[in-house]
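Enquirer: could you look at this predicted model? Sequence included:
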Amino acid sequence: QVVLIESGGRLAQAGGSARLSCQVSGRTIGGYTMGWFRQAPGKEREFVAAISWSHTVSYADSVKGRFVISRDDVKNTAHLQMNRLKPEDTAVYYCAISGRGRLPVDEPSYDSWGQGTQVTVSS
């Protein structure tokens, strides 16, 4: 059974930073794509960023230039460095793992998900 556990969610001020981590157990992430999604109150979950096994990355336009996704296959973790945070970044952030290859941005392409971690950005 694959288990993903996110951590690092916090209350931050606009313009600040936060670093999310995703620890994976039950599967070696090498060869898989890791993704981050978020769900704001009253909205559908949306794609944030993804990183392939070869470290190719993809970002949603709303976070491009502010967020950085990374992975550490030795530690079986993925990270999301969030800089220049905005109030509209407030959401529950989820990490997920995909065996589909390349950089999928759709939820069905990801087969396992974490429970999420809350990020709240105050203005």
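Expert: Yep, that arrived. Because the structure is a prediction, the values reported are computed rather than measured.
Enquirer: tell me what the residue nearest the centre of the chain is bridged to.
Expert: For the chain, the residue sitting closest to the mean C-alpha position, by C-alpha atoms, centre = their mean, is W36 at 2.3 Å. Note on W36: beta-bridge partners by DSSP bridges are A49, C95.
Enquirer: verify the contact between it and V48 for me.
Expert: Yes: using C-beta atoms under 8 Å, W36 is in contact with V48, at 4.3 Å. In short, each C-beta sits where N, CA and C put it, glycine included.
Enquirer: can you pull the residues that touch both of the two?
Expert: Common contact partners of W36 and V48 (C-beta atoms under 8 Å, 6 or more residues apart in numbering): 80, 93.
Enquirer: what's the neighbour count on T77?
Expert: T77: 19 surrounding residues under other C-beta atoms under 10 Å.
Enquirer: give the full set of residues in contact with it.
Expert: So T77 contacts 21-24, 29, 71 (C-beta under 8 Å, 6+ apart).
Enquirer: kindly report the same for G30.
Expert: 53, 73 are the contacts of G30 under C-beta under 8 Å, 6+ apart.
Enquirer: SS state for it?
Expert: Assigned with DSSP: H, G, I helix; E, B strand; the rest coil, G30 falls in the coil class.
Enquirer: for this structure, which segments are assigned as strands?
Expert: 3-7, 11-13, 18-25, 33-39, 46-51, 57-59, 67-72, 77-82, 91-98, 112-113, 117-122 (DSSP state E).
Enquirer: got CSV for the ones you listed, with mean pLDDT and distance to P104 too?
Expert: Rendered in CSV, the data for the strands of the chain read as follows (pLDDT from 0 to 100; distance: least, C-beta to C-beta, whole Å):
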stretch, mean pLDDT, distance to P104
strand 3-7, 98, 16
strand 11-13, 97, 28
strand 18-25, 98, 16
strand 33-39, 98, 7
strand 46-51, 98, 7
strand 57-59, 97, 9
strand 67-72, 98, 14
strand 77-82, 98, 15
strand 91-98, 98, 5
strand 112-113, 98, 13
strand 117-122, 98, 21
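Enquirer: give me the beta-bridge partners of V119?
Expert: As for beta bridges, V119 partners with A91 under DSSP bridges.
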